[in-house]
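*Asks:* The following comprises the amino acid sequence and a computationally predicted model.
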Protein chains: 2
Amino acid sequence: MKYFFKVKSLEDVMALTGEFSPVESETIPVSDAFSRVLAKDLVAPQNMPGFRRATMDGYAVEASSTFGVSESSPAWLDIAGTILMGDIPDFCLEPGQAARISTGGMLPRGADSVVMVEHTELIDESSVEIYKSVAPLQNVIDASEDFEKNEKVLSRGTFIRPQEEGLAAGLGFSQVKAYKVPKVGIISTGDEIIPIKDEPVPGQIRDINSYTLSGFIREAHAIPVLYGIIKDDPGALKHAVEKALGETDMVLISGGSSVGTRDFTVDVLSALPDTRILVHGMSVSPGKPTILARAGKKPVWGLPGQVVSAMVVLKIVVIPFLNKLKGLGKRDQMIRVPAKLTRNVSSAQGRRDFIRVKLVKKENLVLAKPVLGKSGLIRTMVHADGLLEIGDHVEGLEKDTMVDIILL
Amino acid sequence: MKYFFKVKSLEDVMALTGEFSPVESETIPVSDAFSRVLAKDLVAPQNMPGFRRATMDGYAVEASSTFGVSESSPAWLDIAGTILMGDIPDFCLEPGQAARISTGGMLPRGADSVVMVEHTELIDESSVEIYKSVAPLQNVIDASEDFEKNEKVLSRGTFIRPQEEGLAAGLGFSQVKAYKVPKVGIISTGDEIIPIKDEPVPGQIRDINSYTLSGFIREAHAIPVLYGIIKDDPGALKHAVEKALGETDMVLISGGSSVGTRDFTVDVLSALPDTRILVHGMSVSPGKPTILARAGKKPVWGLPGQVVSAMVVLKIVVIPFLNKLKGLGKRDQMIRVPAKLTRNVSSAQGRRDFIRVKLVKKENLVLAKPVLGKSGLIRTMVHADGLLEIGDHVEGLEKDTMVDIILL
């Protein structure tokens, strides 16, 4: 053996995200910002909404004009005017006066609250009865109540959901600075792998991994770039990896999981300039024969060839590295759903197991049913809704244990 | 009042998905299938993997050749050959023989199992010692173990995740039949609404809803089409809705939540040919002033203008209708995360409340912390990770109640 790598724990592998940095940033239209990651803090250039605004249809008043009123002893207020949407009221409200206003309308000076129309009765064109008192700022949004000028509203590293996109737009940012969308090169290897359009003879298998892996890369809001199928030939693999490294931010090589080809994937990676092997085997099942190298600044992965193993390693291990490249901050962790295990599952000590499970809703509970079957069977992933992680020092879990499921 | 609509319950509104049908289908490359919905059952055209395949590196054997062996009394087997990846073995294995094989390799006739290399010792070029017995089919995947020829492997209406894309590719489908991606027209209304590039004067507010709504539409894997901001003018709104109906599969009109404009949205929709108002108000908070019409075969929504209300109604009510248009089957329900409520929350009887919550992981539990603040404040949605649904007949929920959270 030329390499003397110790099989790494999942934590040790994860700690290596620190070896990599986010991709460059760029300025993009805010309308394209959904699913991107903010590359610069967003600071409010003005108050939001910027004026005192009604949240109900009704009458703008000074709250004190309504104090002590009731159904049996309403207040009579003079109507000082009607405020149309988008208008700046050109009058100042005096105590004892009210102004008609719609949801979203701007309160006139002197007004600090809105009485809902349901709690009023119009007497004539110039006066209204108020049956219920309001407190100052009731049924209004104050000028800086949503965001205050110069307040940091979003931090660098924030994943931009629809609400963050809307917030940026609302503050007038027609462009935002976002990290570029990382490109991920995907190479399938193996003498037995054929393009999906070809008819396999016995011994051959169609290239599934290029499709599953690129699906997961898209799901993670990155761009897959396919480099096709490379035979078990070090020269051809080296050429493909170099090409992919030149064009993308991270490279995935799937296959080469048999003893011989595993070695030559490591050989090929070791021979690249400025490249270091960081991981050569990890105590994770499925996924043990995983390889990680750092080629210049870019991660290159050797993923197992088995379809399920490749997907699990991608989801559990590779995506956190992709998130680092994307510039994603801490907040966006993998969401796990608490669920109740429906049967005993066994696990080997000293390794992290990921068990495929189907989730079934039952009354107030989610049940996690282990999906049985070998990790070469894609059907087990098609039937699964999630993955159950079992710790290194756990021999197994008993039926009815509450567990956290990683969604697939 | 010209309209006498009863405010509808959430269930009554949801039942109206039955009024609409999926969009048309089209044939697409399997490489574009991620996030699409299958429009036709997928049937396996052949067995998968199609041949008996090793799942470990080791020696292919007939299991009976290993029965009863142990560390102290190993079996000696003759090596009949080495199977290379992608090869069809040209020999038949006899009892007492073994063949070198790698993970993924094809077993020779006569072999029914694989002994892991770790449980063997190579004696010389022509013989190997076996230390552990195997059962028939151990460490192999049989020819039809993943999928059997003519088996229905995926049903119409399935959301295509990476694993479903890979499965289709693995079965040789270079194209699949999928529902088209629905287009959703988005119209913002309101005299107070201005384009985001403009500087608002007091009384004006930038168009947030076009951005939040289009973000949610993209998140739901559909295509938003923006029709801009329409002033509170029935003629202009009619024109915009007709244009949007001609070009998209569903139309969202946000704003018009004040009494007067609400009426004219209904007026405009009622005046369209072949159009029926299905919902005019629902007992949901936020979201009461929601309008749903059926224009020809297409849903048209009047959403509240308040930013949070518009987002909640989109997420809770509109997306299930979009899923119907997308052709999505039953399986893909909204995922909810069980969580423990951190404080009492009150709720009005007779309506469905949706409370924004922040999720915090604490040991084995997820805590749901209600985010306080008015539904006109977008910050409440930016701080929220999910929505807590409170039933129509519940007056409130106590601290420490276990609740199910809809993720945002």
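*Replies:* Now that the structure is in, tell me what you want to look at. The structure presented is a predicted model; accordingly, all values stated were derived computationally and were not measured.
*Asks:* partners of residue A:124 in the sheet?
*Replies:* residue A:127 (DSSP bridges).
*Asks:* For it, report the pLDDT, please.
*Replies:* On pLDDT, residue A:124 comes in at 94.
*Asks:* Now do it against chain B, distance only.
*Replies:* According to CB to the nearest CB, to the nearest Å, residue A:124 stands 19 Å off from chain B. All C-beta spots, glycine's among them, are computed from the backbone N, C-alpha and C.
*Asks:* One more: residue A:65?
*Replies:* 22 Å.
*Asks:* would you say that residue is within a strand?
*Replies:* No: counting by DSSP: H, G, I helix; E, B strand; the rest coil, residue A:65 is not found in a strand; it is helix.
*Asks:* Let me see the contact set for it.
*Replies:* Applying CB atoms under 8 Å, 6 or more residues apart in numbering or on different chains to residue A:65 gives the contacts A:75, A:77, A:95, A:96, A:97, A:98, A:130.
*Asks:* Put the buried members of the residues you listed into a PyMOL selection.
*Replies:* Buried members of the contacts of residue A:65, defined by 16 or more other CB atoms under 10 Å in any protein chain shown, are picked up in PyMOL with:
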select buried, chain A and resi 75+77+97+98+130
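*Asks:* Out of the contacts of residue A:65, name the ones that lie in strands.
*Replies:* Secondary structure from DSSP state E places A:75, A:77, A:97, A:98, A:130 of the contacts of residue A:65 in strands.
*Asks:* Make a markdown table out of those residues and add distance to residue A:173 and pLDDT.
*Replies:* Listed next are these as a markdown table, based on distance: CB to CB, whole Å; pLDDT from 0 to 100:
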| residue | distance to residue A:173 | pLDDT |
| --- | --- | --- |
| A:75 | 44 | 95 |
| A:77 | 41 | 97 |
| A:97 | 39 | 97 |
| A:98 | 37 | 97 |
| A:130 | 41 | 97 |
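*Asks:* Out of those, which comes closest to residue A:346?
*Replies:* Nearest to residue A:346, judged by CB to CB, of these is residue A:130 at 71.0 Å.
*Asks:* ok, now which ones touch the closest one?
*Replies:* A:59, A:61, A:65-66, A:69, A:74-77, A:98, A:115, A:119-120.
*Asks:* Try it again at 6 Å.
*Replies:* Neighbouring residues of residue A:130 by CB atoms under 6 Å, 6 or more residues apart in numbering or on different chains: A:66, A:69, A:74, A:75, A:77, A:115, A:120.
*Asks:* and the residues you listed as TSV, adding distance to residue A:264?
*Replies:* Below are those laid out as TSV (distance: CB to CB, whole Å):
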residue	distance to residue A:264
A:66	82
A:69	86
A:74	89
A:75	88
A:77	87
A:115	79
A:120	82
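*Asks:* For the residues you listed, pick the one with the most neighbours.
*Replies:* residue A:115 (28 neighbours; other CB atoms under 10 Å in any protein chain shown).
*Asks:* ok, that one - contacts?
*Replies:* Residue A:115 touches A:58, A:59, A:61, A:130, A:134, counting by CB under 6 Å, 6+ apart.
*Asks:* gap between the residue lying closest to the second one once chain neighbours are set aside and residue A:63?
*Replies:* Meaning residue A:59. Of all residues not flanking residue A:59 in the chain, residue A:98 sits nearest, at 4.0 Å (CB to CB, 6 or more residues apart in numbering or on different chains). Using CB to CB, to the nearest Å, residue A:98 is found at 12 Å from residue A:63.
*Asks:* now residue A:316
*Replies:* Residue A:316 is 56 Å from residue A:63, by CB to CB.
*Asks:* Tell me which helix or strand comes right after the helix or strand hosting residue A:12.
*Replies:* Assigning secondary structure by DSSP states H and E places residue A:12 in helix A:10-15. Once the chain leaves helix A:10-15, the next helix or strand it forms, by DSSP H and E, is strand A:25-29.
*Asks:* elements contacting that next one?
*Replies:* strand A:175-179 (3 or more CB pairs under 6 Å, 6 or more residues apart in numbering or on different chains; DSSP states H and E).
*Asks:* per-residue confidence averaged over the very next helix or strand once past the strand it packs on?
*Replies:* Using DSSP H and E, the helix or strand that follows strand A:175-179 towards the C-terminus is strand A:183-189. What strand A:183-189 shows for mean pLDDT is 97.
*Asks:* Using CSV, write out every CA atom in strand A:183-189.
*Replies:* Extracted C-alpha coordinates of strand A:183-189, given in CSV (Å, rounded to 0.1, in the frame of the first residue of the first chain):
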residue,chain,number,x,y,z
LYS,A,183,-20.7,24.8,-10.8
VAL,A,184,-20.2,21.2,-9.9
GLY,A,185,-18.5,18.8,-12.4
ILE,A,186,-19.7,15.2,-12.5
ILE,A,187,-17.7,12.3,-13.8
SER,A,188,-18.9,8.7,-13.9
THR,A,189,-16.3,6.0,-14.0
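*Asks:* Following the chain onward from it, which element is next?
*Replies:* By DSSP H and E, the next helix or strand past strand A:183-189 is strand A:193-194.
*Asks:* Is any residue of that next one near chain B?
*Replies:* No: using CB under 6 Å from any CB of the partner chain, strand A:193-194 stays clear of chain B, coming no nearer than 7.8 Å.
*Asks:* what about whichever helix or strand comes after that strand and chain B, touching?
*Replies:* Counting by DSSP H and E, the next helix or strand C-terminal to strand A:193-194 is strand A:205-206. Yes: remark: strand A:205-206 sits within contact range of chain B at A:205, A:206, by CB under 6 Å from any CB.
*Asks:* need the strands for the stretch 201-350 of chain A, in chain order.
*Replies:* For the stretch 201-350 of chain A, the strands defined by DSSP state E, counting those that start in this stretch cover A:205-206, A:223-230, A:250-254, A:275-280, A:284-285, A:291-295, A:298-303, A:336-341, A:345-346.
*Asks:* Now stretch A:295-311: buried residues?
*Replies:* A:295, A:298-311.
*Asks:* As CSV, could you dump the C-alpha coordinates of it?
*Replies:* Output of stretch A:295-311 as CSV, limited to C-alpha atoms (Å, rounded to 0.1, in the frame of the first residue of the first chain):
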residue,chain,number,x,y,z
ALA,A,295,-6.9,20.5,-5.8
GLY,A,296,-5.7,24.1,-5.6
LYS,A,297,-8.7,25.7,-3.9
LYS,A,298,-11.3,23.2,-5.1
PRO,A,299,-12.7,20.1,-3.5
VAL,A,300,-12.6,16.9,-5.6
TRP,A,301,-14.6,13.9,-4.4
GLY,A,302,-14.3,10.3,-5.1
LEU,A,303,-17.7,8.9,-4.4
PRO,A,304,-18.7,5.3,-4.1
GLY,A,305,-20.1,3.8,-7.3
GLN,A,306,-23.1,2.1,-5.7
VAL,A,307,-26.1,4.2,-6.5
VAL,A,308,-27.4,4.6,-2.9
SER,A,309,-24.0,5.1,-1.4
ALA,A,310,-23.2,7.9,-3.8
MET,A,311,-26.5,9.7,-3.0
